[in-house]
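Build the 3D model from these lines:
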Amino acid sequence: MNKRVCIIYTGGTIGMVPTRDGYQPKEGYFSGELEKIRDLYSDAMPKWDLIEYDPLLDSSNITYVQWNRMANTIKENYERYDGFVILHGPDTMAYSASALSFMLEGLKKPVIFTGSQIPLYELRSDGRDNLITSLMIAANSDIHEVCLYFGNHLIRGNRAVKTSADGLIAFSSPNYPVLAKAGIDIEYFPNRFLPEPKEPFRVTEMKPTSIGVIKLFPGIHFDLFAPIVNKDLRALVLETFGTGNIPNYDSELPPLISRAIENDTAVVVCTQCMQGTVRLGTYETSSELARAGAASGSNMTTEATVTKLQYLFSKGFTANEVRDWVESDLRGELTIG
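Numbering: from 1, shown residues only. Now for the predicted structure:
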């Protein structure tokens, strides 16, 4: 195959080894393991190069700093490669895939996140197949977006949710169909791909942004969250019931939301449900949010919502502008209508 792919190894389970304190990434170990996988050197595979980060990270420690590093690694090598594979721990992979989907503007090449639930060190590792298939997908010039490949499914990165802590099919895409399935062959569904963008490729770096997430539950006391709703809070994501419903037994919430908006905090309403969308005003218990000026997160995942908010504030938009943009489809992260 006459294609070249860059593998960016950030750390994560795939390259970890057992230690006295549990699995940890080990510098230099992963490159040695790749040399043992002879299929990676098959003529049917794209040529590839490895960039290994130092230090290697458990994905629980990923922040916007690492997102900026990944994005800039792609920027620096963009013209040299036909696609990119980012090896990443599964715990926060959906957040990173969502973040890069926004940061990489005008992307015309595939960027595929993958990893494993079981390290390559172990006999039954799922990492080998995930890596091989991701490399083949990253050589597909029809893909112009950030994706996540895991457990035989290719998912749009900003639609992915980790739904299993220990299963090998660890991710799902609740509100958008998969982009490809890997069986005997890789079956692509190109009508589901994002169209090739017309604007030139560029990177918007993430900046530190104060974002809060509140997950509602029966009996919640909103006065407990009052201290975080101050002028330093740029955005507040509410994970609500059903189509955007909130309890109306507690008189603390409406003034809390009103104070947040008065403080120029963007308030976005998401649903706790895996499938479906927010429809503010459908029920009395969501009308108050709409009247207060909260934005609808539609059918976005929490991962996409949080990273989209950080991206929009990083671009310098005001809270009012962010409230408008968050309801717009930027990278296929939500369904309009």
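
Sheet partners, orientation included, of the longest strand anywhere in the chain?
Scanning the chain for the longest strand, with DSSP state E as the assignment, gives strand 47-57. Looking at strand 47-57 with DSSP bridges, its partner strands are strand 4-11 (parallel).

C-terminal to the worst-scoring helix or strand of the chain on mean pLDDT, what's the next element?
Every helix and strand of the chain was ranked by mean pLDDT, DSSP states H and E. The lowest is helix 284-292, at a mean of 81. As assigned by DSSP states H and E, the chain's next helix or strand after helix 284-292 is strand 295-296.

mind checking how far that following strand is from the chain centre?
20 Å (Cα atoms, centre = their mean, to the nearest Å).

what comes into contact with that strand?
Counting by Cβ atoms under 8 Å, 6 or more residues apart in numbering, strand 295-296 makes contact with 244, 266, 267, 268, 269, 278, 279, 280, 323, 324, 326, 327, all of which sit outside it. The way it works is simple: take the backbone N, C-alpha and C, and place the C-beta from them, glycine included.

for the residues you listed, which one is nearest residue 45?
Nearest to residue 45 among the contacts of strand 295-296 is residue 326, at 40.0 Å by Cβ to Cβ.

For the closest residue in space to that closest one that isn't next to it in sequence, give the beta-bridge partners.
For residue 326, the nearest residue in space outside its immediate sequence neighbours is residue 295; the separation is 5.2 Å by Cβ to Cβ, 6 or more residues apart in numbering. Under DSSP bridges, the beta-bridge partners of residue 295 are residue 268.

any idea how far the residue sitting nearest the centre point of the chain lies from residue 300?
For the chain, the residue nearest the mean C-alpha position is residue 98 (2.7 Å; Cα atoms, centre = their mean). Taken as Cβ to Cβ, to the nearest Å, the spacing of residue 98 relative to residue 300 amounts to 9 Å.

what touches both of the two?
Shared contacts of residue 98 and residue 300, counting by Cβ under 8 Å, 6+ apart, come down to 158, 308, 333.

quick one, strands of the stretch 51-200 of the chain?
Per DSSP state E, counting those that start in this stretch, the stretch 51-200 of the chain carries strands over the ranges 83-87, 104-105, 111-114, 146-150, 153-156, 161-162, 171-172, 180-182, 186-188.

Rebuild those as TSV, extending it with distance to residue 58, mean pLDDT and mean neighbour count.
TSV is the format used below for those (distance: least, Cβ to Cβ, whole Å; pLDDT from 0 to 100; neighbours: other Cβ atoms under 10 Å):
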stretch	distance to residue 58	mean pLDDT	mean neighbour count
strand 83-87	13	98	27
strand 104-105	24	98	22
strand 111-114	16	98	30
strand 146-150	18	98	30
strand 153-156	22	98	24
strand 161-162	15	96	18
strand 171-172	18	96	22
strand 180-182	27	97	18
strand 186-188	30	98	14
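
can I assume residue 243 is in contact with residue 271?
Yes. Applying Cβ atoms under 8 Å as the test, residue 243 and residue 271 come out as touching, 6.5 Å apart.

Surely residue 167 touches residue 90?
No. Using Cβ under 8 Å, residue 167 makes no contact with residue 90, being 10.5 Å away.

Name the residue in these two with the higher neighbour count.
residue 90 (23 against 11; other Cβ atoms under 10 Å).

For this protein, which segments are assigned as helices?
For the chain, the helices identified by DSSP state H occupy 29-36, 64-77, 93-103, 127-138, 253-262, 284-292, 302-314, 319-326, in order along the chain.

Most tightly packed of these?
When you average the neighbours per residue for each of the helices of the chain (mean count of other Cβ atoms under 10 Å), helix 93-103 leads with a mean of 28.

packing partners for the least confident helix or strand of the chain?
strand 235-240, helix 253-262, strand 266-271 (3 or more Cβ pairs under 8 Å, 6 or more residues apart in numbering; DSSP states H and E).

got the domain boundaries for the protein?
Structural domains assigned to the chain are 4-203, 211-326, following automatic domain parsing.
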